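K.L.:
This is a predicted model, with the sequence first.
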Amino acid sequence: MEYLSKFMTYLQATKNLSKKTLLAYKSDLLQFFLFEKNILSPDICAFISHISLNLKLKDTSIRRKIITLKNFYDYMLNYNFVPSSPFVKLKFRFKQERKLPKTLSITEIGKILKCFDIDSSSLSTFAQKEYIRDAALIDLLISTGIRIGEAATLTLDDIITSERILLIHGKGRKQRLIYISSPVTWERIKALIKERTNTEYKHLFVNRYGAPISIHGIEAIYKKYIKKAQIKTKSTPHYLRHTFATNLLANGADLRSVQEILGHASVATTQIYTEVTTKRKKQVLKKFNYRNKL
């Protein structure tokens with residue numbers, strides 16, 4: 001455990017990683033330490049076989065653990081805790097299925113938004129506040145494709161009201177600016193800003209107790225409106241991000257711009273959405289192209 005403690009201190013000091021990433025590193029290494037008794041001369045293959053065959057972990061999880069262990073032993077080697085890295089002659093290959101992003105249809109998005117086309121004046125004070133928050137939150141996710149973790153961390157200071165722009169704090173502590181192009185979305189955000197003026201916290205979205213909303217809180221809100229909209233799908237809020245990106249590309253946006261808007265580190269991550277749009281175009285052409293019947 002001494003090596004784990006030193007490695008975690010090293011990561012915190014040198015890698016500028018998020019708290020979530022640091023916890024993932026720690027979790028992976030703790031699992032490895034429970035399996036491997038000789039940390040200084042480990043049997044990496046035995047561990048990988050264990051998590052693959054016995055624990056039946058997915059390839060994505062196994063790959064992450066391999067990366068964690070490789071970084072750990074690179075550190076151990078650099079600081080002379082081991083004479084060599086056990087990964088020197090090891091190569092792992094995985095045939096990983098590349099799944100297309102799951103999206104909602106435009107009709108389904110319309111049903112969700114229709115949930116907010118009500119007269120909120122008849123609601124109780126508490127219900128009215130909740131309605132204003134939920135309308136702004138769901139509409140923002142639909143209109144910008146931001147991650148729910150990014151929405152949860154938004155503060156009033158991140159809003160440039162004169163420009164209708166939000167400062168988004170993305171993955172890897174990278175910031176980007178997002179323009180609110182929809183007037184309806186912007187009006188809902190303004191209504192929420194007005195509601196959030198007198199508060200202990202500066203966060204834009206808060207729970208019923210006035211504390212910053214959590215990712216789980218946003219997921220619960222999304223489930224509530226999926227049910228209200230009578231959408232029979234086991235979707236998550238991330239479907240809104242996929243839907244946003246897919247439709248940007250389908251409507252003619254260039255790949256590089258979509259990458260910047262989504263906050264992807266690599267354009268390769270964004271490219272998978274082009275496959276979704278192509279699939280939809282094929283479906284439309286097969287079903288509606290008059291030439292098929294001639």
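P.N.:
Ah, there it is.

K.L.:
now the residue nearest the centre of the chain, nearest residue through space, not along the chain?
P.N.:
The chain has residue 147 as the residue nearest its centroid, 4.6 Å off, counting by Cα atoms, centre = their mean. Spatial nearest neighbour of residue 147, chain neighbours left out: residue 241 (6.5 Å); criterion: Cβ to Cβ, 6 or more residues apart in numbering. For glycine as for every other residue, the C-beta is placed from the backbone atoms N, C-alpha and C.

K.L.:
Distance check, the one you found against residue 261.
P.N.:
Distance, residue 241 to residue 261, by Cβ to Cβ, to the nearest Å: 11 Å.

K.L.:
what is in contact with the two at once?
P.N.:
residue 145 (Cβ atoms under 8 Å, 6 or more residues apart in numbering).

K.L.:
Might you calculate how far the helix or strand hosting the residue nearest to residue 147 sits from the centre of the chain?
P.N.:
Using DSSP states H and E, residue 241 falls within helix 238-250. On the basis of Cα atoms, centre = their mean, to the nearest Å, helix 238-250 sits 13 Å off its chain's mean C-alpha point.

K.L.:
same for it, what does it pack against?
P.N.:
Judged by 3 or more Cβ pairs under 8 Å, 6 or more residues apart in numbering; DSSP states H and E, the packing partners of helix 238-250 are helix 106-114, helix 125-144, helix 255-262, helix 267-288.

K.L.:
Using CSV, write out the CA atom coordinates for that helix.
P.N.:
Extracted C-alpha coordinates of helix 238-250, given in CSV (Å, rounded to 0.1, in the frame of the first residue of the first chain):
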residue,chain,number,x,y,z
HIS,A,238,-26.3,11.0,-22.7
TYR,A,239,-28.7,10.1,-25.6
LEU,A,240,-29.4,13.8,-25.8
ARG,A,241,-25.7,14.5,-26.4
HIS,A,242,-25.6,11.8,-29.1
THR,A,243,-28.8,13.1,-30.7
PHE,A,244,-27.4,16.7,-30.7
ALA,A,245,-24.1,15.7,-32.4
THR,A,246,-25.7,13.3,-34.9
ASN,A,247,-28.2,16.0,-36.1
LEU,A,248,-25.5,18.7,-36.4
LEU,A,249,-23.6,16.5,-38.8
ALA,A,250,-26.8,15.3,-40.6
